[in-house]
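**Q** Okay, sequence plus prediction incoming.
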Amino acid sequence: MPIPREDIYDALYQAGKKILESNPCNIQTSAAGTTCHGGKLPNCCCVGCKHLGPTGCTVESLACKLHLCYMVPKDKDAQFIALRLLKETARLHGVPLLARGDKDQTLGVDKNRSGCWEM
Ligand code: SF4
Ligand code: SF4
C-alpha cells in the first residue's frame with residue numbers, strides 16, 4: 001500500500017527541521033529584531049509572510065523548511081545537499097513544494113501547475 005502523501009510531507013518536514021537545527025542561516029534574534037547571517041540581511045526570508053507570528057512561523061511549510069538561499073555560505077554545502085535530497089524525495093512522491101504554503105495548501109496544489117515545485 002502506498003504511503004499517504006500527508007505522512008511523507010510530515011516525515012520530510014521533520015527531516016528538514018533536523019537539518020536546519022544547526023542554524024546554517026545564522027538566524028539571530030534580539031530586542032532589535034531578527035537577522036540572518038550576522039546582520040548582513042536585516043530581515044529573513046519570512047518577512048511579509050502572512051504565516052509569520054510574533055515568535056516565528058505559525059504553520060509547517062515544507063517548501064520553506066527545505067529552502068536555503070544563496071546567502072548561506074559555501075561551508076554549509078552538506079546542508080544544501082541534504083535538503084536537495086529531501087526535495088527530490090518530495091518530487092518522487094508527488095508532494096508539491098509551495099513556497100509559503102501550509103500543509104493543506106501545499107497538498108491541495110495541482111502538481112502539474114508550473115511554478116509550484118520550487119521556492
Ligand atoms: S510559511 Fe515560510 S515564509 Fe512564511 S513564516 Fe513560515 S517559514 Fe516563513
Ligand atoms: S534562506 Fe537566506 S534569507 Fe532565508 S533565513 Fe536563510 S539566509 Fe536568511
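**A** On my side now, so go ahead. Numbering: from 1, shown residues only. Ligands and ions are numbered 1, 2, ... in the order given.

**Q** Where do the helices of the chain begin and end?
**A** 5-20, 62-65, 77-92, 103-107 (DSSP state H).

**Q** so does stretch 25-39 get close to ligand 1?
**A** No. Using Cβ under 6 Å from any ligand atom, stretch 25-39 stays clear of ligand 1, with a minimum separation of 10.8 Å. C-betas here are computed from N, CA, C, even on glycine.

**Q** Count the residues that sit near Cys25.
**A** Using other Cβ atoms under 10 Å, Cys25 has 21 other residues around it.

**Q** what sits against the residue lying closest to it once chain neighbours are set aside?
**A** Spatial nearest neighbour of Cys25, chain neighbours left out: Cys36 (4.4 Å); criterion: Cβ to Cβ, 6 or more residues apart in numbering. Cys36 sits next to Cys25, Asn26, Ile27, Gln28, Cys44, Cys45, Met71 when contact means Cβ atoms under 8 Å, 6 or more residues apart in numbering.

**Q** ditto for Gln79
**A** So Gln79 contacts Ile19, Leu20, Ser22, Pro24, Leu68, Val72 (Cβ under 8 Å, 6+ apart).

**Q** what does this structure put close to ligand 2?
**A** Cys25, Ile27, Cys36, His37, Leu41, Cys44, Cys45, His67, Leu68, Cys69, Met71, Val72.

**Q** again, 8 Å this time
**A** 24-27, 36-37, 41, 44-46, 67-72 (Cβ under 8 Å from any ligand atom).
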